[in-house]
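Q: Predicted model, plus sequence, below.
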Amino acid sequence: MFGPGGNGEAFYAAGNKSTIQAPGWLEKYGLDAYEYEAGNGISAGEATLRAIGEKAREHHIRMSLHTPYFISLSGVEEEKRLRSLDYIGKSLWAASLLGADSIVIHSGSAAKISREEAMALSKDTLARVADTFGDAGIRLGIETMGKINQLGTLDEVIEQCRVSPVFAPVVDFGHLNARELGGAFLNVDDYRRVFQTIGEQLGDAYAKDLHCHFSKIEYTKAGEKKHLTFADDIFGPSFEPLAEAIVREGVSPRIICESAGTQAEDALAMKQMWLRAKESIS
């Protein structure tokens with residue numbers, strides 16, 4: 001499945017004004033997934049969230065939700081860190097109204113403490129999250145991150161997910177590429193190793209049904225700088241090898257495009273690349 005994270009330029013250029021219109025527009029556009037962006041907090045009310053969810057079901061759009069950026073799994077101030085449970089709880093409330101089956105949570109920062117200390121704090125927070133919300137029936141996704149001073153390598157996210165089966169990795173390929181300064185995904189096998197590693201470490205079900213983000217991302221020596229569009233031919237990564245890897249691994253990921261303003265167009269381009277790879281390999 002392919003879809004955008006939030007509403008891009010094409011959505012508004014088509015005359016749409018509200019996210020309630022997004023599911024119908026996406027179905028006509030040829031996409032089948034949508035990630036509701038709540039990075040700055042959940043401001044929509046119950047009626048609006050419920051209406052979006054109803055439209056998503058009507059138009060067969062699979063929903064997910066990105067939780068607020070200010071969630072701090074590894075924050076050194078315990079009061080602030082544990083406040084993350086409230087934000088995750090509100091995100092799950094919104095996700096249930098949207099009919100979303102997944103939420104996405106940032107891994108945490110390691111900017112002011114060692115990675116070992118940050119990982120220990122994040123795992124403590126996640127254990128509390130699992131105890132409080134483990135029966136919510138919604139997948140709790142931990143995202144790989146793009147800045148080097150953040151937690152969020154693939155290995156770190158897998159370690160976080162081992163806290164409880166309710167957690168699953170969310171692989172942002174652009175983030176991983178940025179933190180490796182463009183060297184993460186040079187060929188099909190580099191992408192295949194992501195699915196294989198998750199399958200070996202967490203189980204095949206996690207690899208087969210992976211929730212993913214994809215965009216081309218500009219980076220510096222510190223990692224991620226800003227999201228780009230598919231027009232970029234400098235920073236990458238390239239999606240074509242990933243399309244082939246998906247087919248050869250026999251997996252069925254959901255891929256949310258986070259391009260800068262062209263997320264719907266680029267999501268459709270990815271879907272078309274995957275269909276071509278599927279036809280070519282079969």
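A: Perfect, thanks for sending it.
Q: Could you report the separation of Ala38 from Thr19?
A: From Ala38 across to Thr19, the span is 11 Å (CB to CB, to the nearest Å). (Each C-beta comes from the backbone N, C-alpha and C, glycine too.)
Q: repeat for Ala111
A: Computed as CB to CB, the Ala111 to Thr19 distance reads 33 Å.
Q: between these two, who's got more neighbours?
A: Thr19 (21 against 11; other CB atoms under 10 Å).
Q: State the helix or strand in which the nearest residue to the more buried one once chain neighbours are set aside lies.
A: Setting aside the residues directly before and after it, Thr19 is nearest to Ile52 in space (CB to CB, 6 or more residues apart in numbering), at 5.6 Å. Take DSSP states H and E as the rule and Ile52 turns out to sit in helix 46-58.
Q: what's the average pLDDT for the next helix or strand after that helix?
A: Counting by DSSP H and E, the next helix or strand C-terminal to helix 46-58 is strand 62-66. In this model, strand 62-66 has an average pLDDT of 98.
Q: how far off helix 46-58 does strand 62-66 point, in degrees?
A: For strand 62-66 against helix 46-58, the angle between stretch directions is 140 degrees (axes from the mean of the first three to the mean of the last three CA atoms, to 10 degrees).
Q: burial measure for the residue nearest to Gly30 when sequence neighbours are not counted, as a count.
A: Taking CB to CB, 6+ apart, and ignoring the residues beside it in sequence, Gly30 has Leu268 as its nearest neighbour in space, at 5.7 Å. Burial measure for Leu268: 20 neighbouring residues, criterion other CB under 10 Å.
Q: Tell me how far the residue nearest to Arg254 when sequence neighbours are not counted lies from Gly182.
A: The spatial neighbour of Arg254 that comes closest, neighbours along the chain excluded (CB to CB, 6+ apart), is Met1 at 4.5 Å. Distance of Met1 to Gly182, computed by CB to CB: 27 Å.
Q: tell me the contacts of Ala130?
A: 140, 163-164, 166-167 (CB atoms under 8 Å, 6 or more residues apart in numbering).
Q: and those, which are buried?
A: Neighbour counting over those (16 or more other CB atoms under 10 Å) leaves 140, 163, 166-167 as the buried ones.
Q: Take the residues you listed and write them to CSV, including secondary structure.
A: As requested, the buried ones among the contacts of Ala130 are arranged in CSV below (DSSP: H, G, I helix; E, B strand; the rest coil):
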residue, secondary structure
Leu140, strand
Val163, coil
Val166, coil
Phe167, strand
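Q: sec struct for Asn40, please.
A: The assignment at Asn40 comes out as coil when based on three-state DSSP.
Q: Touching, it and Tyr69? I think so.
A: Yes. When contacts are counted by CB atoms under 8 Å, Asn40 is listed as touching Tyr69 (7.1 Å).
Q: Counting neighbours, go ahead and name the busier of those two.
A: Tyr69 (12 against 9).
Q: tell me the contacts of the residue lying closest to the more buried one once chain neighbours are set aside?
A: Nearest-residue entry for Tyr69: Gly39, 4.6 Å, with adjacent residues in sequence omitted and distances by CB to CB, 6+ apart. For Gly39, the residues meeting the contact criterion (CB under 8 Å, 6+ apart) are 66-69.
Q: The same query, at a cut-off of 7 Å, please.
A: Gly39 makes contact with 66, 68-69 under the criterion CB atoms under 7 Å, 6 or more residues apart in numbering.
Q: Repeat that for Ala22.
A: Counting by CB under 7 Å, 6+ apart, Ala22 makes contact with 7, 11, 34.
Q: top of the residues you listed by neighbour count?
A: Comparing those on neighbour count, Tyr34 comes out first with 30 neighbours (neighbours: other CB under 10 Å).
Q: And the helix or strand containing that residue, what does it pack against?
A: With elements taken from DSSP H and E, the one containing Tyr34 is strand 33-37. When contacts are defined as 3 or more CB pairs under 7 Å, 6 or more residues apart in numbering; DSSP states H and E, strand 33-37 sits against strand 2-4, helix 22-29, strand 62-66, strand 254-257.
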